[in-house]
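Trainee: 3D model of this:
(chains A, B, C and D)
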4 protein chains.
Amino acid sequence: MPGTNYDFTIKTLGRCTVNSPLSFSTTQGDYVANYASDERGIIYNIQLPRGDINLDIKKHQLVEKAGPRQEIYFDPAKVNAAVVTCGGLCPGLNAVIRSITHTLFYSYGVKRLTGIQYGYRGFLPEFGLPTVNLTPETVDDIHTKGGTILGSSRGHGDRAREIVDAVERMNINMLFIIGGDGTQKGSLDISREAEKRNLNISVVGIPKTIDNDLSFIERSFGFETAVSKAIDAVAAAHIEAKDACMGVGLVKLMGRESGFIAAHTALASQDVNFVLVPEVPFSLKGEKGFLATLEKRMKYKDHAVIVAAEGAGQDLLEAEKSKDASGNRRLADIGIYLKENIEEHFSSKNWDINLKFIDPSYIIRSAPPNPNDTIYCSRLGDNAVHGAMAGRTEFLISMIYNTYVHIPIPLATSKRNYIDPDGPLWRDVLSATGQPRLMQG
Amino acid sequence: MPGTNYDFTIKTLGRCTVNSPLSFSTTQGDYVANYASDERGIIYNIQLPRGDINLDIKKHQLVEKAGPRQEIYFDPAKVNAAVVTCGGLCPGLNAVIRSITHTLFYSYGVKRLTGIQYGYRGFLPEFGLPTVNLTPETVDDIHTKGGTILGSSRGHGDRAREIVDAVERMNINMLFIIGGDGTQKGSLDISREAEKRNLNISVVGIPKTIDNDLSFIERSFGFETAVSKAIDAVAAAHIEAKDACMGVGLVKLMGRESGFIAAHTALASQDVNFVLVPEVPFSLKGEKGFLATLEKRMKYKDHAVIVAAEGAGQDLLEAEKSKDASGNRRLADIGIYLKENIEEHFSSKNWDINLKFIDPSYIIRSAPPNPNDTIYCSRLGDNAVHGAMAGRTEFLISMIYNTYVHIPIPLATSKRNYIDPDGPLWRDVLSATGQPRLMQG
Amino acid sequence: MPGTNYDFTIKTLGRCTVNSPLSFSTTQGDYVANYASDERGIIYNIQLPRGDINLDIKKHQLVEKAGPRQEIYFDPAKVNAAVVTCGGLCPGLNAVIRSITHTLFYSYGVKRLTGIQYGYRGFLPEFGLPTVNLTPETVDDIHTKGGTILGSSRGHGDRAREIVDAVERMNINMLFIIGGDGTQKGSLDISREAEKRNLNISVVGIPKTIDNDLSFIERSFGFETAVSKAIDAVAAAHIEAKDACMGVGLVKLMGRESGFIAAHTALASQDVNFVLVPEVPFSLKGEKGFLATLEKRMKYKDHAVIVAAEGAGQDLLEAEKSKDASGNRRLADIGIYLKENIEEHFSSKNWDINLKFIDPSYIIRSAPPNPNDTIYCSRLGDNAVHGAMAGRTEFLISMIYNTYVHIPIPLATSKRNYIDPDGPLWRDVLSATGQPRLMQG
Amino acid sequence: MPGTNYDFTIKTLGRCTVNSPLSFSTTQGDYVANYASDERGIIYNIQLPRGDINLDIKKHQLVEKAGPRQEIYFDPAKVNAAVVTCGGLCPGLNAVIRSITHTLFYSYGVKRLTGIQYGYRGFLPEFGLPTVNLTPETVDDIHTKGGTILGSSRGHGDRAREIVDAVERMNINMLFIIGGDGTQKGSLDISREAEKRNLNISVVGIPKTIDNDLSFIERSFGFETAVSKAIDAVAAAHIEAKDACMGVGLVKLMGRESGFIAAHTALASQDVNFVLVPEVPFSLKGEKGFLATLEKRMKYKDHAVIVAAEGAGQDLLEAEKSKDASGNRRLADIGIYLKENIEEHFSSKNWDINLKFIDPSYIIRSAPPNPNDTIYCSRLGDNAVHGAMAGRTEFLISMIYNTYVHIPIPLATSKRNYIDPDGPLWRDVLSATGQPRLMQG
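Mentor: Alright, predicted model coming up:
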């Protein structure tokens, strides 16, 4: 059965011998919320064969629940924590930073939290970037704002040794790393390097990917907000398409590896006729290809709306590139590629179409989180701290099946999350758009 | 183990012998989405004891997945469907109506869909309410609007016989009933009455409750939207409290039985100091009671924000009522009850506080759905139709663990959904607000 | 002719002999913006008899333009400014505070600006309220937030002598007072008291009234934002009315003296059937009264939406009060008064109507300013500073005919702004609602 | 004195001899709104020399007020009206269409209103575009939506004769033309052609320009909405700039001839460091040029935000074009031109900057109108109808000094509206941004 070979065992720094300063209860029914217990875990593969079956489940196959433990590993007075945000912006970064700060200060009484600036760069001496102190005052109402007060940058995740050098210099024993797939591969290296040096450092990843392309997490924070901003662009494209003679609205959305934003935006908008995603290849030419199908749509309704994830049709772009050595740069963009091919196609048939291309880009990723993402970020941050205080390390804080859980970083970075072209999400997208298989022969 | 005694068996009208007109695939890897299969079901109780365990699972314990079947029960040409919306308004009603209409017309080619007006009243001759025809044109862009184009009203769910009389008169063989707990108890009676008469009618419930107080559904549609509107009221209360001398902001939110809206709003806003919900009793008086704790907060920070679900503290109101025979009506409202008691408390101590009471009420429930709710409503409606076409009946369309499923109506109406005072949601609310147990020794 | 008897002469502290530190130009056509000039003023009465006419205009009849002067009165190094916000909250207060701060610091190089807390109370020793230093850092991004970082309160404008005592103690020579009619009457007393004591203090009023009920100002800041928030409540009322059987939506909006918010909200929403404002009396009973007219509307369309300014129908409430000695408090609210009378009216005719009453209250006044109000607040604040630096005093900063101007406080506080029942605004409201004259016999 | 040579005389079709079916009053003080009177007009030049002056004003120098007349020209039963929307999309088009429809139907009882599709094309036989009937039902809630239900297109305003042919064929005697400068030049030709043929057709222009670049109108409808949408893009640019190492945010906004959107967006956002508009030339190179000034800013604060109107710096682009014959197309865009020059500049100095370019384009112009624009569009449409019913022709409906007025089309199309580089708007922009004169030597 799928999922049985995953090992969800979480690494710990040692035994939990400190009493938690939190005032939760261990009694049911006393109207005081309880500490998280380790007695139960979450089954990962919830789809079982129908019929009377017998299931053997090993301990390592169950996912550990997140939450505050009654006994913790770290003495709060001795915690020296740090937080860093890496990679591109994503709605909710500040809300995560704030909740880590609040939980450390208000729940556990920790007093030392350092903000590392501009991603992994902030650890590297060559950049000379100062650190900042984070306190409840400095993070006051940042959860309502886009961006990250720490700044962010890409790369440098491969310099684990130098990063751990800096971590040692600063005496940090709890490290929160907010970032995507590449960043968390760096987290893993950092965690292993720290282990090699026998440093008792809790390394906690908070998974961040606006594209929702990380596995073992139900949805990534900021994703819902991104979809709600993307809808504005699609609404504009729809109006421009409908209100012009033979109008075509074309919107490029984020999604290098996975087309979740494009798919969800199409479902939410209900005005999209074609969704192009990296997971489902398509042909441009040919009688069942994209251009011919678009032409049919235009004949039927006089306008059309197309949403393309930026990673869609990369095979077509590659082919084009090899043909046209001089024009590579221009062709690297699926939006411009489609725009030009659509215009050429209709122009060659003497149709006077009116194509409007919208690339909302940075407007989406710098948005403040919507309320649901704010809740989510806040609870991710809280639970990340709870896990670290309980001595867990080398784990991602995550939510599956509406339950906050710990996922081992090696497992989380072992595969990406894609739209399953055979699954219900893509099925519902096809129903919503009415688009057929856009493939020649 | 909890959950093992649930019977998730779904009733069917008969064998599926008609080929679906949809063009999905049954082949993996052909880049065409697949029909839903009945080979696997969803395990409902996902929390298992950690350790190597052996699990016996019976077929009836697995939840049936929703989705289009390759073989269906109804010949689309013979379907005569109806849809009705019952109870209070909720964001997303129109989006559900629209997706039922679209899926019936565009996916299955069904041509007859009747809208019943103003809830169950629309079936009852005494009200003389005409029906309306629903087509893709009449539901064009209704998904972006609050309310319901069919109108709604409460009650009359106990008149199943007369309703089935009307259903028979209209030759309806597929009935979509959008409504909450009371409404779905009516659905069950209707389904059973139809069965008694040997009528082959598929009765499908679409669970609606802005309070999120229905069981066996991960979250109810419109709930997220409600929270995002409630936040505006809390933000106003916070500003009024902070910017006045000794300001207290008090917001009453929906939630007769369950305090989910209040709890989530507090988590999203991060500015709330006290959350009062029906699930957690509290004392007003006494040195650890609400008033004394509020006083402490005011001494510490000069302002406070309180969110009360409308069902909170009903025991206190009852007690008060018995004392004060003439003033019942005034006291039935927890918002006004708290307002008056807080003002009396501080006035008796000669504190000049500045209390602002906000009751956003109908502004919340008539809002248009946010993008995530629009997607959800659209997929609920689609899958409700798929289930009905496949001959399922007496079921609710639902989502659990991010998967669309069928839930038997008798099971769904057997218990409500409450905040577990021992569980992680309430724990995270307590962390976010810092409020202690408000109970007098 | 109307307006000819107004005296727009602005008081000054003395001759302007200091060169402005700003780098504007006095040359036309050099692509550098010019200093404001005193060569021209604004004619206040712009409606003239059509025909060839001859107009005698005296200097005092022209309104002085606001803006930076090339020569100023105050040496920036010696300015010691203060700002205070009085009365109820209004969208844009923070934006005004921020722009006063920015213009003083960045444009003029002033370094001392004191924030007085909680309105006029902040001057009075008995309240023991500390002052705060305002700098560009402390006002960083406050313009995007509702409320006022200084806090506010009502009253105490009649204690000019004590206030000027405090002003003298603090050596303040420039005082910005943000507030409404009552507050500005206080400003006038303060200015006169300061003059009596031969203090060279510039007293500048920034007119604030969410109700738009101040004269000599085109619109008050925050008014547009208030209307856009009020529309949400009306939209909710409309949906509740339409989607219930015989639904009536009733919304109470701000407007004690003037019904501008109600009138503009009706124009913007286009869904309102009745607008009740203080300026236009109406009868409840009688065959042309409000109740009978509402009944006609309900017969015609089955639902209705009513918007009432809080000051509407006060004569009816007074009459009612004298009849019912015990129930005064309940009846002081026009919303509840209408709700009860409407319900009684239809109940007495055995109509089963469904009335939903919405009172958005504080949600409106604590909203952050919309972009147009942000611009407006920013320019009001800038120009208030320019006027003060140029030695003007006892003036309100205002905008008329899209031009920023100075208005003498005695003139500004001499009359209120009302909807003219004979004028074009009320005419367009009647057209939009279709409501007749609601007056008996 | 400026403005004295304008002739505001409005053309009329003949004497008004029909009693208006509206039920307004002519009595002051009866609490019924009054008909518009022709006794007074509006003085256009409101800025007068300060001092005791004597003014000679001729009748033609006063602007005619809009509004319903007690006596009208057209018999409503014989009106056959048409409406057309031309040029690019703009927020509020549908609100104007709706209010024209409502006022014709509900106020005057006119029953025939034809919608011409896709701009002037809809009149020209070669395009074969059908017309649509407009009724209160077809325009139901369109005022809340972006775009235009009639569709729009550019051009063909120079084919007045063919257009009047079509108008004659359709027996239209009242023509509402919504469009910008080019469109209204077409209106003028149409009006004159109709006059030449002795057709009694009222030709009414409703001025539309998202750029606010039309004269004799205080602000164009949709402009405020455009600014509020543009702010989202600037907010994103600001976050991207601040949260990256050495970040530069660059936003291109609409404004071919006039930079009003850019200027107002900078004032509303308060985060912009450089505003480039067509009205104020700038140098790129040189020690006081744009690039050197930007460099200084980056040294001072590490990030910068730039807003460029699309028409800014066209002289620089021209110069570049002549140098680089092959690359014209790429260089026609000021956004890309600035992006490339900024990147080259810093790259040549080995600065690693992080430039993010945002072009919100169509997202802005297809937005639904904000409440204030909805009110404005509604009142423009109402008053356009009142003017036409009263037999006025060849006029634009406009608002100046908060008063709705009639402007002769020949006058309105005689000059454009620009930001005055010497005036208070540009002055306040310079104060808000702190930008110096960006000009070399």
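
Trainee: Check the residue of the stretch 151-300 of chain A found nearest chain C and give its pLDDT.
Mentor: Closest residue of the stretch 151-300 of chain A to chain C, CB to the nearest CB: A:D232 (16.1 Å). To be clear about C-beta, it is placed using only N, CA and C from the backbone, and glycine gets the same treatment. If you check A:D232, the pLDDT there is 93.

Trainee: just the helices in the stretch 1-150 of chain A please.
Mentor: A:93-102 (DSSP state H, counting those that start in this stretch).

Trainee: low-confidence ranges in it?
Mentor: Counting by pLDDT under 70, the stretch 1-150 of chain A shows low-confidence ranges at A:1-4.

Trainee: Could you do the stretch 301-441 of chain A as well?
Mentor: A:319-332, A:440-441.

Trainee: where do the helices sit along it?
Mentor: For the stretch 301-441 of chain A, the helices defined by DSSP H, counting those that start in this stretch cover A:314-323, A:328-331, A:334-348, A:362-365, A:371-389, A:409-412, A:424-433.

Trainee: Contact partners for A:N372?
Mentor: A:N372 sits next to A:224, B:224, B:227-228, B:268, B:372 when contact means CB atoms under 8 Å, 6 or more residues apart in numbering or on different chains.

Trainee: OK, contacts around A:N417?
Mentor: If you count contacts by CB under 8 Å, 6+ apart, then A:N417 has A:212-215, A:217, A:258, A:260 around it.

Trainee: Tell me how many other residues surround the residue in the stretch 251-400 of chain A positioned nearest to chain C.
Mentor: Ranking the residues of the stretch 251-400 of chain A by distance to chain C (CB to the nearest CB) places A:P368 first, at 10.5 Å. Here the count is done by other CB atoms under 10 Å in any protein chain shown, and A:P368 has 19 residues near it.

Trainee: re earlier: considering the contacts of A:N417, which possesses the most neighbours?
Mentor: For the contacts of A:N417, neighbours were counted by other CB under 10 Å; the highest total belongs to A:F260, with 28 neighbours.

Trainee: Skipping adjacent residues, who's closest to that one in space?
Mentor: Spatial nearest neighbour of A:F260, chain neighbours left out: A:N212 (4.1 Å); criterion: CB to CB, 6 or more residues apart in numbering or on different chains.

Trainee: who touches the closest residue to chain B within the stretch 301-441 of chain A in this structure?
Mentor: Among residues of the stretch 301-441 of chain A, the one nearest chain B by CB to the nearest CB turns out to be A:R427. It sits 3.6 Å away. By CB under 8 Å, 6+ apart, the contact set of A:R427 is B:24, B:33-34, B:67-68.

Trainee: cool, and A:P278?
Mentor: With CB under 8 Å, 6+ apart, A:P278 has these contacts: A:255-259, A:309, A:311-312, A:314, A:418.

Trainee: Quick check: phi and psi at the residue in the stretch 301-441 of chain A that chain D sits nearest to.
Mentor: Scanning the stretch 301-441 of chain A for proximity to chain D using CB to the nearest CB identifies A:S366 as nearest, at 4.0 Å. Torsion angles at A:S366 (phi, psi; degrees, to the nearest 10) stand at phi -100, psi 10.

Trainee: And for A:G157?
Mentor: Note on A:G157: its backbone torsions stand at phi -70, psi -10 [degrees, to the nearest 10].

Trainee: I'd assumed A:D189 was in contact with it.
Mentor: Yes. With contact defined as CB atoms under 8 Å, A:G157 and A:D189 form a contacting pair (7.2 Å).

Trainee: For those two, indicate the residue with more neighbours.
Mentor: Set side by side, A:G157 and A:D189 show more neighbours around A:G157, with 24 against 19, by other CB under 10 Å.

Trainee: The closest residue to that one other than its chain neighbours: what's it in contact with?
Mentor: Closest residue in space to A:G157, ignoring its immediate chain neighbours: A:G186 at 2.6 Å, by CB to CB, 6+ apart. In this structure, A:G186 makes contact with A:86, A:120, A:156-158, A:160, A:163, A:177, A:179, judged by CB under 8 Å, 6+ apart.

Trainee: Can you give the domain ranges for chain A?
Mentor: As given by automatic domain parsing, the domain ranges for chain A are A:11-221+A:369-400, A:223-366+A:422-433.

Trainee: hmm, back to that, leaving out sequence neighbours, find the closest residue to the residue of the stretch 151-300 of chain A closest to chain C.
Mentor: What sits nearest to A:D232 in space, not counting adjacent residues and going by CB to CB, 6+ apart, is D:I363, at 6.0 Å.

Trainee: So what does the residue lying closest to A:L214 once chain neighbours are set aside look like in phi/psi?
Mentor: What sits nearest to A:L214 in space, not counting adjacent residues and going by CB to CB, 6+ apart, is A:P207, at 5.0 Å. Backbone geometry at A:P207, expressed as degrees, to the nearest 10, gives phi -70, psi 130.

Trainee: again, but for A:A244
Mentor: Summarising the backbone geometry of A:A244 under the convention degrees, to the nearest 10, its torsions are phi -110, psi 160.

Trainee: That one contacts D:G151, doesn't it?
Mentor: Yes. Contact between A:A244 and D:G151 holds when scored by CB under 8 Å: they sit 6.8 Å apart.

Trainee: what residues do the two have in common as contacts?
Mentor: Each of D:Y118 lies in contact with both A:A244 and D:G151 under the rule CB under 8 Å, 6+ apart.

Trainee: ok, how many other residues are close to the closest residue to chain D within the stretch 51-200 of chain A?
Mentor: Distance from chain D to each residue of the stretch 51-200 of chain A (CB to the nearest CB) is smallest for A:G147, at 3.8 Å. If you count neighbours by other CB under 10 Å, A:G147 ends up with 27.

Trainee: same check, this time on the one 4 residues further on
Mentor: With neighbours defined by other CB under 10 Å, the count for A:G151 comes to 25.
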